[in-house]
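> A predicted structure for the sequence below; I have some questions about it.
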Amino acid sequence: MTDDLRLHIGAPHGGMLDITDEVDRPIYTFGFVKPHAYARRSEIMDDIWHLSERRATPLYVLREKDDTITPELAVQHYWAHRNRPFFQDLIKMVTGDVHSFVLAGKDAIPYFRALLGATDSSKAEPDTLRHKYGEPTRGIAYNAVHGSDSLQSVVTETALHFGRDELDPIVWQRIDAYKQWLDNMKP
């Protein structure tokens, strides 16, 4: 048994986060409020905290910013979907003003994905962000909030949307460690 490792999370909802199992359960994740929901970004960010706390899986906002996704950045971000029939529509939908953020919390990736709800917001569970803010009549991509779906996505997307000067150095140390761990896992 290893000693507990703890990381201090700052305001506005600060606390101590146990990072003992961080290798198996990464504490960081990335997300953004999509252009069609951008006007409601403050509500969505408040809901991330309140809904996660209510579920006893607090997710702390480490950094957030208003930004613009260009078509070029959208292509980089959604490159994994480049051969899918919906790719061009997805690029058009996500191009524009967004609200990007990095969250920290125990096992952050799956907990944030659960908080988001189903990708198709018409099938999203009640009390999830996509159920509350998604626009299913406009299509699946209009689900209001993007969230990284894997450790590889967290590493790639954080680097695409935040510069080294925009996040605390300790966050970049952890992201770099995740990247190294992933690189070492490749055959």
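Noted; the coordinates are in hand.

> Strands of the chain, start to end?
For the chain, applying DSSP state E gives strands covering 6-9, 15-18, 28-33, 60-69, 96-104, 145-147.

> This protein: helices as residue ranges?
Secondary structure of the chain by DSSP state H: the helices cover 41-54, 71-77, 87-94, 108-116, 129-133, 151-161, 169-185.

> closest to residue 63 out of those helices?
helix 169-185 (7.7 Å; CB to CB). Heads up, the C-betas are built off the backbone N, CA and C, glycines and all.

> just to revisit the earlier point, include mean pLDDT and distance to residue 63 when you put the helices of the chain into TSV, please.
Shown next, in TSV, are the helices of the chain (pLDDT from 0 to 100; distance: least, CB to CB, whole Å):
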stretch	mean pLDDT	distance to residue 63
helix 41-54	96	12
helix 71-77	97	18
helix 87-94	95	20
helix 108-116	96	14
helix 129-133	98	19
helix 151-161	95	10
helix 169-185	87	8
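
> about what we covered before: Throw the strands of the chain into a markdown table and include distance to residue 132, thanks.
Below are the strands of the chain laid out as a markdown table (distance: least, CB to CB, whole Å):
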| stretch | distance to residue 132 |
| --- | --- |
| strand 6-9 | 25 |
| strand 15-18 | 25 |
| strand 28-33 | 12 |
| strand 60-69 | 18 |
| strand 96-104 | 16 |
| strand 145-147 | 10 |
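
> Can you add distance to residue 144 and mean neighbour count and give the helices of the chain back as CSV?
What follows is those, written out as CSV (distance: least, CB to CB, whole Å; neighbours: other CB atoms under 10 Å):
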stretch, distance to residue 144, mean neighbour count
helix 41-54, 7, 16
helix 71-77, 16, 16
helix 87-94, 11, 16
helix 108-116, 9, 21
helix 129-133, 4, 23
helix 151-161, 17, 20
helix 169-185, 25, 14
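
> mind checking which of the ones you listed is nearest residue 101?
Proximity to residue 101 (CB to CB) singles out helix 41-54 among the helices of the chain, at 7.1 Å.

> Let me see the residues that make contact with the closest one.
13, 33, 37, 58-61, 64, 66, 99, 101, 103, 105, 111-112, 115, 127-129, 132-133, 144-145 (CB atoms under 8 Å, 6 or more residues apart in numbering).
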